[in-house]
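Q: Below are the sequence and a predicted model; questions follow.
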Amino acid sequence: MEGLNLFESNILLWIQENLRTDAFDFLMPYVSAVNNAGLLSILAVILLIAWAKYRKVGVTAFLSLAAEAFIVNVLLKNCTARTRPYVVNESLLLLGHIPGDFSFPSGHTGAAFAVATVLLLYGKDGSIPKTCAVWAVAAAVLIAVSRLYNAAHYPTDVLAGMLIGMLTGVLAYKLISVYGLKRKLGD
């Protein structure tokens with residue numbers, strides 16, 4: 001793991017030395033902060049559930065987000081106990097608040113992709129406007145990039161969060177579709 005941490009720290013150092021600007025240094029901590037504790041994702045789920053027309057989408061997104069939160073925050077973070085990159089490499093400058101949990105996988109990224117994947121799938125089948133899905137995916141990608149830019153996560157943390165969020169999104173969508181819960185949720 002030490003070799004992987006060193007390799008990934010060098011990627012983050014490259015980002016810090018070559019891509020950081022004053023404007024992004026100001027902006028990126030806010031991009032991450034909108035999804036602290038999954039806040040943006042939770043708000044999206046609440047709005048979808050509250051809007052009767054999109055309730056099935058909201059329930060599906062809730063299932064996806066709940067599964068992602070359990071996998072990431074209860075199982076993987078505690079089992080792997082991966083130290084944050086800025087702690088391992090003191091040359092990395094953390095932007096934003098100091099996280100109080102472990103690094104692997106990225107919960108911010110996982111939560112964003114858990115909801116975005118559900119919206120993307122419902123956008124493809126016409127249940128929700130495609131523009132909503134596009135904005136959700138764009139927000140998820142921006143949140144993922146911010147976690148790297150801010151040196152809060154290693155690249156594999158972000159990749160794992162993204163994959164877990166996508167997996168829970170697909171599984172929640174399939175679960176609702178296969179078991180006919182769509183009809184019971186307002187169709």
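A: It's in. Residues are numbered from 1 along each chain as shown.
Q: what's the distance between the spatially most central residue of the chain and Asp125?
A: Central residue of the chain (CA atoms, centre = their mean): Thr109, 2.0 Å from the mean position. Distance, Thr109 to Asp125, using CB to CB, to the nearest Å: 25 Å. The C-beta positions use only the backbone N, C-alpha and C, and glycine is treated the same way.
Q: The longest helix belonging to the chain packs against which elements?
A: Longest helix of the chain, by residue count under DSSP state H: helix 155-178. Where contact means 3 or more CB pairs under 8 Å, 6 or more residues apart in numbering; DSSP states H and E, helix 155-178 is packed against helix 2-18, helix 55-69, helix 107-124, helix 130-149.
Q: any idea of the mean pLDDT for it?
A: Helix 155-178 carries an average pLDDT of 96.
Q: hang on, the earlier thing: need the winner for burial among the helices and strands packed on helix 155-178.
A: helix 107-124 (a mean of 28; mean count of other CB atoms under 10 Å).
Q: Report the backbone C-alpha coordinates of that helix in PDB.
A: Output of helix 107-124 as PDB, limited to C-alpha atoms (Å, rounded to 0.1, in the frame of the first residue of the first chain):
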ATOM      1  CA  GLY A 107     -18.000   9.400   0.300                       C
ATOM      2  CA  HIS A 108     -18.600  12.700  -1.400                       C
ATOM      3  CA  THR A 109     -18.000  11.100  -4.800                       C
ATOM      4  CA  GLY A 110     -20.000   8.000  -4.000                       C
ATOM      5  CA  ALA A 111     -23.000   9.900  -2.800                       C
ATOM      6  CA  ALA A 112     -23.000  12.200  -5.900                       C
ATOM      7  CA  PHE A 113     -22.700   9.300  -8.300                       C
ATOM      8  CA  ALA A 114     -25.300   7.200  -6.400                       C
ATOM      9  CA  VAL A 115     -27.900   9.900  -7.200                       C
ATOM     10  CA  ALA A 116     -26.600  10.900 -10.600                       C
ATOM     11  CA  THR A 117     -26.700   7.300 -11.900                       C
ATOM     12  CA  VAL A 118     -30.300   6.900 -10.900                       C
ATOM     13  CA  LEU A 119     -31.200  10.200 -12.600                       C
ATOM     14  CA  LEU A 120     -29.200   9.200 -15.700                       C
ATOM     15  CA  LEU A 121     -31.100   5.900 -15.900                       C
ATOM     16  CA  TYR A 122     -34.500   7.500 -15.500                       C
ATOM     17  CA  GLY A 123     -33.500  10.200 -17.900                       C
ATOM     18  CA  LYS A 124     -32.700   7.500 -20.500                       C
END
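Q: The longest helix of the chain: which residues count as buried?
A: In terms of neighbour count (16 or more other CB atoms under 10 Å), helix 155-178 has its buried residues at 155-158, 160-162, 164-169, 172-173, 176.
Q: okay, and the helix or strand of this protein with the least pLDDT?
A: One helix or strand of the chain scores below all others by mean pLDDT, DSSP states H and E: helix 181-184, with a mean of 52.
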